[in-house]
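Novice: got a sequence here, can you build the structure:
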Amino acid sequence: MIQIFVGDKPIILTTVVERETNFKNYLLDTVNIGKILKEIKTKEIAAIRLIDSEEEDMLKKFLKLLPNVIAAGGKVFNSNGKILFIYRNNKWDLPKGKAESRETIDKTAIREVEEETGVSGLSIVKPLEMTYHIFKRNGKHKIKITYWFEMQTDFNGQLFPQEKEGITKVEWLNDDQVKVALANSYANIKLLVN
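Specialist: Sure, this is the predicted structure:
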């Protein structure tokens, strides 16, 4: 099962057909992406489930439905075990951004964390799950595919929010603060942090 978020509601790619309650089932091969993007915004619908018989090809088929934007970011821990969060568009988020041409995805992740937060001395510990969400820019829907990495740093200098990217705060959060922040965050960030 793969989840692609539209706001906080998931489009679920699955091979399992379930009886509809507060969600709708559609066949992935014949789905009208415009129709389901309108439908998922209604109050009655909690999710859309796209059914396909081949689990291996589901994501590849879905990603062909809309233009893709490749991004990378980090779940960064400091030496005190706190996690680095940014505050953008009135929500708590993890630092991430679009890949530049010919840039490897791990280099994108490190560059974006540095640019958005002012943190340096980053090292990648391991890759994390990828996340997917659909957004609308200039009247067109796109799928953002974000590669995430767990990172570590001993950095203890001043944090600098990248204001031109709409970031108003950068903070190291402890476990209790993370719980509060996640109450005002995005669904895919909640999955990633938990």
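Novice: Phe160 - that's part of a strand, no?
Specialist: No - according to DSSP: H, G, I helix; E, B strand; the rest coil, Phe160 belongs to no strand; its state is coil.
Novice: next, give phi and psi for it.
Specialist: Dihedral pair for Phe160: phi -130, psi 110, per degrees, to the nearest 10.
Novice: just use 18 as the starting number from now, easier for me
Specialist: OK, 18 is where the count begins now, so the last one is Phe177.
Novice: count of residues packed around it?
Specialist: Phe177 is flanked by 14 other residues according to other Cβ atoms under 10 Å. Every residue, glycine included, has its C-beta placed from N, CA and C.
Novice: which residues touch it?
Specialist: If you count contacts by Cβ atoms under 8 Å, 6 or more residues apart in numbering, Phe177 has them with 134-135, 187.
Novice: from those, which would you call buried?
Specialist: 134, 187 (16 or more other Cβ atoms under 10 Å).
Novice: so what does the strand ranked longest in the chain touch, helix or strand wise?
Specialist: Longest among the strand segments of the chain by residue count, using DSSP state E, is strand 157-169. Other elements packing on strand 157-169 under the criterion 3 or more Cβ pairs under 8 Å, 6 or more residues apart in numbering; DSSP states H and E are helix 75-80, strand 85-94, helix 122-134, strand 140-144, strand 148-154.
Novice: tell me which residues in that strand are buried?
Specialist: 160-166, 168.
Novice: okay, domains of the protein per the record?
Specialist: Split into domains by automatic domain parsing, the chain comes to 19-80, 85-210.
Novice: distance between the longest one and the chain's centre?
Specialist: Going back to what we said before, that points to domain 85-210. 9 Å (Cα atoms, centre = their mean, to the nearest Å).
Novice: same question, stretch 59-73
Specialist: So, by Cα atoms, centre = their mean, the centroid of stretch 59-73 is 18 Å from its chain's centroid.
Novice: residues of it that come out buried?
Specialist: 64-69.
Novice: what's the answer for stretch 144-154, then?
Specialist: Neighbour-count burial for stretch 144-154 flags 145, 147-151 (criterion: 16+ other Cβ under 10 Å).
Novice: could I get those as TSV with pLDDT and distance to Glu37?
Specialist: Formatted as TSV, those follow (pLDDT from 0 to 100; distance: Cβ to Cβ, whole Å):
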residue	pLDDT	distance to Glu37
Leu145	97	32
Met147	96	28
Thr148	97	26
Tyr149	97	23
His150	96	23
Ile151	96	21
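Novice: and of those residues, the nearest to Ile57?
Specialist: Lowest distance from Ile57 to those (Cβ to Cβ) belongs to Ile151, with 9.0 Å.
Novice: switch the buried residues of strand 157-169 over to CSV; also include distance to Leu44 and pLDDT.
Specialist: Listed next are these as CSV, based on distance: Cβ to Cβ, whole Å; pLDDT from 0 to 100:
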residue, distance to Leu44, pLDDT
Ile160, 19, 97
Lys161, 25, 96
Ile162, 23, 97
Thr163, 27, 97
Tyr164, 29, 98
Trp165, 30, 98
Phe166, 35, 98
Met168, 40, 98
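Novice: quick check: the gap between the nearest residue to Tyr104 once chain neighbours are set aside and Ile19.
Specialist: Sequence neighbours aside, Lys186 is the residue nearest to Tyr104 in space, at 3.8 Å (criterion: Cβ to Cβ, 6 or more residues apart in numbering). To Ile19, Lys186 is 31 Å away according to Cβ to Cβ, to the nearest Å.
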